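Chemist: Pasting the sequence and the predicted coordinates here, then a few questions.
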Amino acid sequence: GVEGRRGGGAEGWRGGGGVLVLAAVLLASCGAAPSDILYRVPEEQPPNTLIGSLAADQGLPDTGHLYKLEVGSPYLRVDGKTGDIYTTEIPIDRETLRDCRNLFEGDKCFLEFEVSITDMIKGMGLGPRLIEGRIEVLDINDNTPQFASPILTLSIPENTHIGALFSIPMASDKDSGANGVAEYSLNAGPDADQLFTLQVAVDTDEKLPQLVVMGNLDREVKDSYDLNIRVVDGGKPPRASSALLRVTVTDQNDNAPKFERSHYEAELPENSPLGHSVLQVRANDADTGTNGEIDYSLHQASETVQRLLRIDRSTGIIYVKGLVDREEENFLKFFVVAKDRGPNSKSSKVVVTINVKDQNDNAPAIEIRGIGLVTHQDGMANISEDMPIGTPVALVQVSDRDEGENAVVTCVVAGDVPFQLRPASESANDRKRKYFLQTTTLLDYERVKEYKIEIVAVDSGNPALSSTNSLRVQVTDMNDNTPNFSPAMLEVDFAEGNQPGDKVLDVVASDADSGTNAELAYSIIELSASKLFEIDANTGEVRVKNLLDREDTERYQFHVAAADKGVPSKTGTATVVVNVLDRNDNDPKFMLSGYSFSVIENMPPLNPVGVVTVTDADQGENARVRLYVEPDNGKFVIQNGTGTILSSISFDREKESTYTFRLKAVDAGDPPRSSYVGVTINVLDENDNAPYVTKPSNSTYKYLTPVTAPDTRVEMVEAEDIDSGPNAELVYSITGGNPYGLFHISPNSGEITLAQEFTRKHNGLHRLVVRVSDKGKPPRHTTALVHIFVNDTIGNITLIESLVGHSLYTPLDRDIAGDPNYALAQRSNILYGSLAGIAGVILVIVAVVVIRHRLQKDTKSGYQAGKKESKDLYAPKQGPKNGKGKKSKKGKAPKPTKPLEEDEEASLQKGLKFNLINDNVNDSPRIHLPLNYPPGSPDLGRHYRSNSPLPSIQLQPQSPSASKKHQAVQDLPATNTFVGTGDNNSTGSDQYSDYSYKANPPKYSNKQIHKKVHVFFSF
């Protein structure tokens, strides 16, 4: 049971029945500060006596908080969870407490305490609360009253009148109040029982014992009496002590000294020098002589007074004897006794009070101690870096033992540190101020690990005094930093072809924390990367586990982690990039195992014929490949960089259709690596050759009888084309000379067959114009003449050859098909026919004679094969492409000169102009040859062929067609011109191959329009 109060105090305990009853009363007053907490407890309580419960009495939390006693030891302790305040093994002795030793009667004794409260749930961030309070230490009767000496002496003059009072030295009791001196008693004994009695006077709450004279004293009868005086205090139970009071009877001394004042009071500046006079007390004695001489002495002075002061016995001047320190004794109270020197000396006493006046001789005192969970050791406080702003790290108490203005202290934190002072309580005690030293910013262990905080306190004295105290605050590390890789991306070049276990790189992370918070363990995050690489968990050394192949993977990227060993752990990551460097471990590789290209013939040189692709799985110089042609015969070159094969020649498929060589690829590595590939160039055919007819010759003919049956094979047109493919596939067709549809030609084989039976009108010469075309795009073609003579007999071969010869110079758009005179013969009878035949023979003879006699005249003959010919005759013209001199396919004749090709078949051949050997011979013999020979006429052509060389014929300038362009039917070599097939039905007619003629009549006629033909023979 303890009584706790806010505000003023009250009577708090009383004893009864040997049981101490303590009332626990908590009074609340509006606006009261927490520092006004007051408990009352009797002194000298046994250990672990409950004084008060802060949680229960003050409504403070009793869970989740930490209570810590900051001030009050060693007399008090506090339960950390409940805030209960208990006594300790060291008892509270009111009489020995420093602040209670010099109390006046009625003054209360207080023991101050401070308790901090820390919220353990929310942490120190909110800061502890500081609870201030006082404990009124109640006095118990634990001290016995004592007289100053066990033998007290008192001088009383003889003949003293009855009822006179004499003061007895008082007893003192360290206890106070009711436990102090309560009463005195006197035991006089039988011889003095009637002479003396005791009276106790009360003066300012002090009990003054006085001896009362009750009878006549005669020194001559008895000069001294021994009395027993007893003092008893008011405690329960009371305490008492006794002393011997020896009363000495002296001679007569009527008057006692009398002080001028009833109370002396003075001020003594502290630190006054020794010998400094404080005050003078004066007493007067009405007696004379020695009875009037007075001696002064200090009475009932404490040890402190006796140590600091002395009094001059004669003058009553009080001097400073020792060093006076107000902070030790701020006031002195004692008695001064004035005693005369008479034989029966009389005395009197007066109270002297000296107030020690303060001097600013004490610098402020700065006390720094721990607060809450923050403990201090050797001037060092530890605080975690994660504490929030405003966290207290110390409780600073600033006090000044001086008083007044000298004790008004200003306190600041010196220097640029993140700490400040905040009042810890609302107490208005200027002499003792308390502050929380708290943080002003977040602390960072990695930036500043320790602070030295200097606190300066300055009082308001004149001159002012100051003091400093310092505290080292050590910031403890928290795991608030993530391990950091710098740089965050680590890139390294590593050559392929390594050995397993080779070192790749070192990864190093740093952690700004310390201790275990900075101890790192390295690991590779990706499981796939862990199969190829491994990392030392302690050093961060990365090694490769397998053989790396740049051609397989040239870049590896994975992440490494560095985890610290803090709780909880923090992890930092970095990206590792391993660039696998190339070694020349791969041959150049062609995309194909062999290349085959096709090119068109006649392509100009230095044109691309194909592109090859070569790769090298290596890199850089190891992959830079150069290509070479082997064997290098100059026909092909290759462009390095593009792989394009260029030809140095122009291709002629008919000369060479395939080229083979190989390419060599060499890289630039050291040593170099190479590979080969074969290349085939196939020359594709271009339709650059027209077909040429090998059989039959234009100048040959085929004999058929009128009774030849249909579907009979007449002739086989054979042709070749030295191109290939579709360019050499031939199509045969009859484009002229078949007005009656007598003949049919197979388009594929060229076989000519008889389509229908002959009639009489079909007798005679038939000239079929056969066109042979290839299937090229665009197609090329040539034209061949197939002569068929239909008659019962072939007796007049010369006539047939003459007709064939004239056919060669007849425009192709003229049909030569059978007997042109058949219609006239139908209108004449047989007689007229016979006469006409005879006349025809005669006319032939005459014509021959005329020609012979007119050799010097220019004549022009024409073969009347129909209507008048108005078109120009054409001379043979060289084809657009000369023969290449190649051998024909399958060992056949050489390729002939290509004929001129026209789109319109009607313009293929209009006429021929032959420039014979003697172009400039104008005086050669002239021979006029008939164009028609009736049956039975002599074979003049055979005669001229056997007796004369080949005639040389040229067109004269007067010929209307001499200056115009001519076109040949087919430009064939001499060996293949007008040459018969050599069979029994064909006869050569070479002597008619160089004629120039013009046919005017629309059909065959026995009437010839004789025009001058100049034939020049060279002999």
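Modeler: Cool, got the structure. Residues are numbered from 1 along each chain as shown.
Chemist: Next up, the contacts around I524.
Modeler: 530, 533-535, 542, 558-561 (CB atoms under 8 Å, 6 or more residues apart in numbering). Backbone N, C-alpha and C define where each C-beta goes, glycine included.
Chemist: Let's see which of the residues you listed end up in strands.
Modeler: When DSSP state E is applied, the contacts of I524 are split such that 533-535, 542, 558-561 fall in strands.
Chemist: can you give me the helices for the stretch 401-550 of the chain?
Modeler: Applying DSSP state H, counting those that start in this stretch to the stretch 401-550 of the chain gives helices spanning 527-530.
Chemist: thinking again about what came up before, out of the contacts of I524, which are buried?
Modeler: 533-535, 542, 558, 560-561 (16 or more other CB atoms under 10 Å).
Chemist: can I see the domain layout of the protein?
Modeler: 37-138, 151-250, 258-357, 365-476, 484-581, 589-684, 692-809 (the TED database).
Chemist: Just send the ones you listed back as a markdown table, with mean pLDDT too.
Modeler: Output for the domains of the chain, formatted as a markdown table (pLDDT from 0 to 100):
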| stretch | mean pLDDT |
| --- | --- |
| domain 37-138 | 85 |
| domain 151-250 | 87 |
| domain 258-357 | 90 |
| domain 365-476 | 88 |
| domain 484-581 | 93 |
| domain 589-684 | 92 |
| domain 692-809 | 92 |
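Chemist: can those go into TSV with extra columns for distance to A839?
Modeler: As requested, the domains of the chain are exported to TSV (distance: least, CB to CB, whole Å):
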stretch	distance to A839
domain 37-138	154
domain 151-250	202
domain 258-357	190
domain 365-476	145
domain 484-581	104
domain 589-684	58
domain 692-809	17
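Chemist: circling back to that earlier point, out of the contacts of I524, which comes closest to G83?
Modeler: A561 (48.0 Å; CB to CB).
Chemist: Which parts of stretch 279-287 count as buried, going by neighbours?
Modeler: Result for stretch 279-287 [16+ other CB under 10 Å]: buried residues 279, 281-283, 285, 287.
Chemist: do stretch 485-505 as well
Modeler: Quick answer for stretch 485-505 (16+ other CB under 10 Å): 485, 490, 494, 496, 498, 504-505.
Chemist: before we move on, the earlier item: could you export the ones in strands among the contacts of I524 as TSV, including distance to F110?
Modeler: Below are these laid out as TSV (distance: CB to CB, whole Å):
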residue	distance to F110
F533	76
E534	74
I535	69
V542	73
F558	74
H559	69
V560	67
A561	63
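Chemist: And the average pLDDT for the helix or strand containing I845 is what?
Modeler: Here I845, judged by DSSP states H and E, is contained in helix 830-853. What helix 830-853 shows for mean pLDDT is 79.
Chemist: List the buried residues in it.
Modeler: 836, 840, 843-844, 847-848, 851.
Chemist: For the nearest residue to F436 once chain neighbours are set aside, name its beta-bridge partners.
Modeler: Leaving out its chain neighbours, the residue that sits closest to F436 by CB to CB, 6 or more residues apart in numbering is P392, at 4.1 Å. For P392, the beta-bridge partners are Q438 (DSSP bridges).
Chemist: I'd like to know how far P392 sits from S399.
Modeler: Plainly put, P392 is 19 Å away from S399 if you go by CB to CB, to the nearest Å.
Chemist: The two: which is more packed in?
Modeler: Set P392 next to S399 and count neighbours by other CB atoms under 10 Å: P392 wins out with 30 against 19.
Chemist: Next, work out how far apart that one and S746 are.
Modeler: 125 Å.
Chemist: Repeat that for T304.
Modeler: 164 Å.
Chemist: Pick out whichever of those two has more residues nearby.
Modeler: Between T304 and S746, counting by other CB under 10 Å, T304 is the more crowded of the two (16 against 12).
Chemist: Next up, the contacts around that one.
Modeler: Shown in contact with T304 (CB under 8 Å, 6+ apart): 328-329, 332.
Chemist: so which of these would you say is closest to L298?
Modeler: Relative to L298, and with distances defined as CB to CB, the nearest of the contacts of T304 is L332, at 10.4 Å.
Chemist: would you say that closest one is within a strand?
Modeler: Yes. L332: assigned to a strand according to DSSP: H, G, I helix; E, B strand; the rest coil.
Chemist: Can you tell me which of the buried ones among the contacts of I524 comes closest to Q300?
Modeler: The closest of the buried ones among the contacts of I524, once distances to Q300 are taken by CB to CB, is A561, at 85.8 Å.
Chemist: Spit out the contact partners of the closest one.
Modeler: Contacts of A561 (CB under 8 Å, 6+ apart): 522-525, 571-573.
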